[in-house]
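Trainee: Sequence and computational prediction follow.
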Amino acid sequence: MSDMNDVTIAKSIAAGRILFGLLMLLIPNTVLARVSADRPGPLVWLARAFGIRDLVLGLGALRSLSGPEPDVSWVQMGAIADSCDAVAAVVWRDELGVAGTISTLALAVPAAAGGWKAVQGLSS
């Protein structure tokens, strides 16, 4: 029963990552408007690159979980990325501003926690 829950958690995080990646890739200005009025071209490009990262991590995780013996390596890489995002948001919070820091932590912390929980459950 625990394995099914961990697979469900991992797949849910992967699906959310894919959705977020597509949003950042396809409509970055709309997403960025929530945290900044100023959206220069390099920031929009960086948002798209970030979207591609999440899209690839999400697709990799879903694919790695589709077989009879789930491979947790992609789920683990996603958890590492989310953990690093949370740490970076705290360390460089002055650069992000309050809205950016809160937004980043609101996405990264639950995704990292769920990812690590799924990795632990699927690895045992």
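Mentor: Structure received.
Trainee: Run a quick neighbour tally on residue 96.
Mentor: Neighbourhood size, residue 96 [other Cβ atoms under 10 Å]: 19. Any C-beta I mention is one placed from the backbone N, CA and C, and that applies to glycine too.
Trainee: Residue 75 now?
Mentor: 30.
Trainee: Next: residue 88.
Mentor: 14.
Trainee: element containing the residue nearest to it when sequence neighbours are not counted?
Mentor: Once flanking residues are discounted, residue 88 sits nearest to residue 104: 8.0 Å by Cβ to Cβ, 6 or more residues apart in numbering. Under the criterion of DSSP states H and E, residue 104 resides in helix 93-123.
Trainee: chain center to that helix: distance?
Mentor: Helix 93-123 sits 8 Å away from the centroid of its parent chain (Cα atoms, centre = their mean, to the nearest Å).
Trainee: For residue 33, grab phi and psi.
Mentor: For residue 33, the backbone dihedrals (degrees, to the nearest 10) come out as phi -60, psi -20.
Trainee: list the contacts for it?
Mentor: Shown in contact with residue 33 (Cβ atoms under 8 Å, 6 or more residues apart in numbering): residue 39.
Trainee: on that earlier part again, pLDDT of the helix holding residue 104, averaged?
Mentor: Regarding helix 93-123, the rounded mean pLDDT is 94.
Trainee: and if you look at stretch 56-72?
Mentor: pLDDT averaged over stretch 56-72 gives 93.
Trainee: ok, residues contacting it?
Mentor: 7, 10-11, 13-18, 21, 73-75, 77-78, 81, 118-119, 122-123.
Trainee: okay, that stretch in CSV with CA atoms only?
Mentor: Extracted in CSV, the C-alpha atoms of stretch 56-72 (Å, rounded to 0.1, in the frame of the first residue of the first chain):
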residue,chain,number,x,y,z
VAL,A,56,12.3,17.3,-18.8
LEU,A,57,12.5,16.3,-15.1
GLY,A,58,8.7,15.7,-15.0
LEU,A,59,8.7,13.7,-18.2
GLY,A,60,11.7,11.7,-17.1
ALA,A,61,10.1,10.9,-13.7
LEU,A,62,6.8,9.8,-15.3
ARG,A,63,8.7,7.5,-17.8
SER,A,64,10.9,6.0,-15.1
LEU,A,65,7.8,5.2,-13.0
SER,A,66,5.8,3.6,-15.8
GLY,A,67,7.4,0.1,-15.6
PRO,A,68,6.7,-2.7,-13.2
GLU,A,69,9.8,-1.9,-11.2
PRO,A,70,9.9,1.9,-10.8
ASP,A,71,13.3,3.6,-11.2
VAL,A,72,13.5,6.4,-8.7
